[in-house]
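>>> What follows is a predicted structure for the sequence shown.
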Protein chains: 2
Amino acid sequence: MARPLHLTAFMRPVSLHTGAWRYPGAYPDANFNFGHIKSFIQKLEAAKFDAFFMADHLAVLNMPVEALKRSHTVTSFEPFTLLSALAAVTEKIGLAATASTTFDEPYHVARRFASLDHISNGRAAWNIVTTSNPDSARNFGLDEHVEHGERYKRAREFYDVVTGLWDSFADDAFIRDQQSGIFFDPEKMHVLDHKGEELSVRGPLNIARPVQGWPVIVQAGQSEPGRQLAAETAELVFCSPRDLSAAKALYGDIKGRMVAASRNPDHLKILPAAFIVVGDTIEEAKAKRAKLDSLVHYDSAIASLSIALGYDASGFDPDGPLPDIPETNASKSGRAQVLKLAEQEKLTVRQLAQRYGGYSGLAFVGTPQTIADEMQTWLSEEASDGFTVVFPYLPQGLDDVTQRLIPELQRRSIFRTDYEGSTLRDHLGLPRPANRFFA
Amino acid sequence: MARPLHLTAFMRPVSLHTGAWRYPGAYPDANFNFGHIKSFIQKLEAAKFDAFFMADHLAVLNMPVEALKRSHTVTSFEPFTLLSALAAVTEKIGLAATASTTFDEPYHVARRFASLDHISNGRAAWNIVTTSNPDSARNFGLDEHVEHGERYKRAREFYDVVTGLWDSFADDAFIRDQQSGIFFDPEKMHVLDHKGEELSVRGPLNIARPVQGWPVIVQAGQSEPGRQLAAETAELVFCSPRDLSAAKALYGDIKGRMVAASRNPDHLKILPAAFIVVGDTIEEAKAKRAKLDSLVHYDSAIASLSIALGYDASGFDPDGPLPDIPETNASKSGRAQVLKLAEQEKLTVRQLAQRYGGYSGLAFVGTPQTIADEMQTWLSEEASDGFTVVFPYLPQGLDDVTQRLIPELQRRSIFRTDYEGSTLRDHLGLPRPANRFFA
């Protein structure tokens, strides 16, 4: 096999596109229906995806009511509860859950991920987030959000404590000798006794070492401290570069930091988010996307365009072209992106607004062949190790990927036709971490 | 049907008896093997148990190494993770998880139980504990344990916040109208904005109201504030009275407090823990128990007897009768219990120690007929509404209950032959709580 592609599925929400639940044939409650989500993960497992990825918010996002009442994400399962249930109805696909280092306790986090890893027989991954959303702080007793640097300082120590707790027992600690009555060897239990600047945790964890040693460590940060934390600790990075050149820069930066931190750069896979719309022809794929964008309500869409432009666009003619806009202090690169898009795709103000109100990140819109070509380019140019797939709508947009794109990737021998191992580390080609306390 | 019996299964650990994992035919890893636990819950569901009950500890208990190394509970699944997975492989049986009000956040707890209730289609129950074990405090950044009164004050407010968060959305808030694009009605969302002495939580919860309105509220406290909290808030009480007369006193006290608090006493079911050993004859059942007790190591057993006596028993002849012991300041009632047991069952020091080191609480040891007789007496004497069954060893001790005792209870028409409803509230005959913010 050529350098293999890795694919995870971004599944909370099941589609990031705000119009997805209104698409013809879509299940309007898909984000909050266990039966549907179970069918999605079973399809993704049949297609041999590496993992199923759950983002998270610890709040109903505090947005204007016009946008909020149209949000299909306002009711969602808590990721950990959902993934534990899904573990019982799948066998191979990885299960990545988000847990916050700012609003949770390391003992709880270590214990839940260890449990998920055991229940799933080695398929758990922990997406470490520091939770930047200030609405979350107010659900956890704080009026002000925790400052960025402080959050990352706690995150780093939190990671040390959680991984230390996972190492509480040697892999062979549990003897369970019915004759002698010895259940485990106390010499193979380590009491962490961590006392740091941010955290004080005694240990040991009350669960055996995870099947994978440690669940796979995932991170999404693109900020300076986020990149450094990823280079030091992450094994999977979820990111959102806008295009190939931005992705190459990020990829090179993080892998370079890994080398500087004496880590093997192969031991971290970088998977940018990619919104994928598959058609029989490029035109058909574009038409599907245009149809989907048209389902974003203009009132909420125009606010997103105004943010992207740094200029109030609500007075523009919705059905005309983007007018000239006076210079402001807003981000020039953000505005340049909008102008480029308007020019390239010849979009009206309404269409532009609906793009920004729907999903405006990296997108592959085309036939199985053109999308596979693009993916191969990203791999060969060292812009990524694969992708975190964002579905436009479900079930059809997901079926288009699993039934049409995946076979094309398999035909080109860049994606597996079956799982070779049983753990998520096996799928991703990651080593099992040594126990820091026991040889 | 006569006044119906309710039965839950105490399943963390799968047996509370410390010798259970050594019993001939027992799975030594049963407490930590998802496949075994899945088979247990499916058998309990086939036997129409009301619920599967998971206690919890937030630490490896800090006991002498001689006892610790023989403990089959040192590695266990986190209850919430496990119950979520079990929800996916069962259809009717209730799922009761323990969560601490002292070492967790109300937003997390409300969200997880709401998720479990939705995933299980209305089968979740929250066992509210204040976590009295000081080893737990050290895993959550505290050197000293939180004082008893302070814990209960926080617990009461925590309950108000969690139930308030569950009421964030009216039951009919979610419209999901694909045509108009309105996902939910913002008029039917309530922002809690709680600011109390112990907690400050804004809300709303980011999940729809639970299927049951609120998951069933469970409590285990027998202390003065524990009884009062139960009378005000609980719908299921797990308790450990030593005998019928203690149970009647507790039952009368809690139900009386409910009346004083203007609650209907039928809206709380009291289910004492009962250790059940079934035999073809009473003698066979007693022999099974004696065999099980004999598997408790003497070194750890004698410590338990010393605690029960309030006197160091390690110098006694293990194979002689209990000698006379000088008066001490220790609990006279505890010592009287030991003396009564030694006299009644004519136990040696070793056998007494193994009883206290194994399981010394309320036990029904006999044939299906004698055990059913005892259970009927407890019901008719208003000592309980049923039992929380503690299995002596598994799978055989569980199979003896589901295959032999349950049919006898069904024959007497005091236990269901099928589930009549689909939610845990249906099984227990509990009303669905009104939403405090929406009619």
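Thanks, I have it. For clarity, every value in this text was computed on a predicted model and none was experimentally measured.
>>> The longest helix seen in chain A packs against which elements?
Counting residues, the longest helix found in chain A (DSSP state H) is helix A:148-166. Helix A:148-166 is packed against helix A:106-119, strand A:124-129, strand A:194-195, helix A:224-233, with contacts defined by 3 or more CB pairs under 8 Å, 6 or more residues apart in numbering or on different chains; DSSP states H and E. (C-beta placed from N, C-alpha, C; glycine too.)
>>> Which of these has the lowest mean pLDDT?
Lowest mean pLDDT within those: helix A:224-233, a mean of 92.
>>> Direction-wise, compare it with helix A:148-166 and give the angle.
Between helix A:224-233 and helix A:148-166, the angle comes out at 20 degrees (axes from the mean of the first three to the mean of the last three CA atoms, to 10 degrees).
>>> just checking, next helix/strand downstream of helix A:224-233?
Next helix or strand after helix A:224-233 toward the C-terminus (DSSP states H and E): strand A:236-239.
>>> and that following strand, how far from the chain's centre?
Distance, stretch centre to chain centre, for strand A:236-239: 7 Å (CA atoms, centre = their mean, to the nearest Å).
>>> Which positions within the helix or strand just after it qualify as buried?
Going down the chain from strand A:236-239, the next helix or strand is helix A:244-260, by DSSP H and E. For helix A:244-260, the neighbour count (16 or more other CB atoms under 10 Å in any protein chain shown) marks A:244, A:246-248, A:250-251, A:253-255, A:257-258 as buried.
>>> So what touches helix A:244-260?
Identification of contacts with helix A:244-260 by CB atoms under 8 Å, 6 or more residues apart in numbering or on different chains yields A:222, A:227-228, A:230-232, A:237, A:239, A:241, A:264-265, A:267-268, A:270, A:272, A:362, A:377-378, A:381-384.
>>> okay, now residue A:65: neighbour count?
10 (other CB atoms under 10 Å in any protein chain shown).
>>> Give me the number of neighbouring residues for the residue nearest to it when sequence neighbours are not counted.
The shortest distance from residue A:65 to any non-neighbouring residue, by CB to CB, 6 or more residues apart in numbering or on different chains, is to residue B:186 (5.0 Å). By other CB under 10 Å, 13 other residues sit near residue B:186.
>>> residues in contact with residue B:186?
Counting by CB under 8 Å, 6+ apart, residue B:186 has contacts A:65, A:68-69.
>>> Please report phi then psi for it.
Note on residue B:186: its backbone torsions stand at phi -60, psi -20 [degrees, to the nearest 10].
>>> where in the stretch 201-350 of chain A is pLDDT low?
A:330-331 (pLDDT under 70).
>>> how about 90 then?
Where the stretch 201-350 of chain A drops to pLDDT under 90, the residues are A:220-226, A:299-300, A:303-304, A:307-308, A:310, A:325-337.
>>> That one against chain B: which residues are in contact?
Where the stretch 201-350 of chain A comes near chain B, counting by CB under 8 Å from any CB of the partner chain, the residues are A:201-208, A:295, A:297.
>>> Show the buried residues in these.
Members of these classed as buried by 16+ other CB under 10 Å are A:201-208, A:295, A:297.
>>> Tell me which of those residues fall in strands.
Residues of these located in strands (DSSP state E): residue A:201.
>>> Include distance to residue B:404 when you put the buried ones among the residues of the stretch 201-350 of chain A next to chain B into a markdown table, please.
Shown next, in a markdown table, are those (distance: CB to CB, whole Å):
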| residue | distance to residue B:404 |
| --- | --- |
| A:201 | 46 |
| A:202 | 45 |
| A:203 | 43 |
| A:204 | 40 |
| A:205 | 39 |
| A:206 | 34 |
| A:207 | 34 |
| A:208 | 34 |
| A:295 | 60 |
| A:297 | 63 |
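>>> Among the buried ones among the residues of the stretch 201-350 of chain A next to chain B, which one lies nearest to residue A:124?
When these are compared for distance to residue A:124 (CB to CB), residue A:207 wins out at 12.3 Å.
>>> Touching, the closest one and residue A:111? I think so.
Yes. Contact criterion CB atoms under 8 Å: residue A:207 and residue A:111 qualify, at 6.0 Å.
>>> After the longest helix of chain A, heading C-terminal, what element do we hit next?
strand A:174-177.
>>> What is that following strand packed up against?
strand A:182-184.
>>> Pull out the buried residues from the strand it packs on.
For strand A:182-184, the neighbour count (16+ other CB under 10 Å) marks A:183-184 as buried.
>>> check whether it contacts chain B.
Yes. Judged by CB under 8 Å from any CB, strand A:182-184 comes into contact with chain B at A:182-184.
>>> residues contacting residue A:428?
Applying CB under 8 Å, 6+ apart, the residues near residue A:428 are A:6, A:50, A:94, A:216, A:235-236, A:269.
>>> let's see it at 7 Å
Residues near residue A:428 by CB atoms under 7 Å, 6 or more residues apart in numbering or on different chains: A:6, A:50, A:216, A:236, A:269.
>>> Filter those down to the buried ones, ChimeraX style.
Buried residues within those, by 16+ other CB under 10 Å, are selected in ChimeraX with:
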select /A:6,50,216,236,269
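>>> between the contacts of residue A:428, which is closest to chain B?
residue A:216 (16.8 Å; CB to the nearest CB).
>>> Chain neighbours aside, what residue packs nearest to that closest one?
Leaving aside its sequence neighbours, residue A:216 sits nearest to residue A:125 (CB to CB, 6+ apart; 3.8 Å).
>>> Pretty sure that neighbour sits against residue A:96.
Yes. Using CB atoms under 7 Å, residue A:125 is in contact with residue A:96, at 3.8 Å.
>>> Please, where are all the helices along the stretch 301-439 of chain A?
A:332-345, A:349-358, A:368-380, A:396-400, A:406-411, A:424-428 (DSSP state H, counting those that start in this stretch).
>>> list the buried ones in the longest one?
Burial within helix A:332-345, assessed by neighbour count using 16+ other CB under 10 Å, is assigned to A:335, A:337-338, A:341-342.
>>> The fifth one now?
For helix A:406-411, burial by neighbour count (16+ other CB under 10 Å) applies to A:406, A:408-410.
>>> and the residue lying closest to residue A:204 once chain neighbours are set aside, what are its phi and psi?
Leaving aside its chain neighbours, residue A:204 sits nearest to residue A:168 (3.6 Å; criterion: CB to CB, 6+ apart). Note on residue A:168: backbone dihedrals following degrees, to the nearest 10 are phi -60, psi -30.
>>> Can you get me a residue count around residue A:168?
27.
>>> what's the burial count for residue A:178?
Counted with other CB under 10 Å, residue A:178 comes out at 15.
>>> Same question for the one 10 residues further on.
In terms of burial, residue A:188 registers 18 neighbours under the definition other CB under 10 Å.
>>> ok, now how distant is it from chain B?
10 Å (CB to the nearest CB, to the nearest Å).
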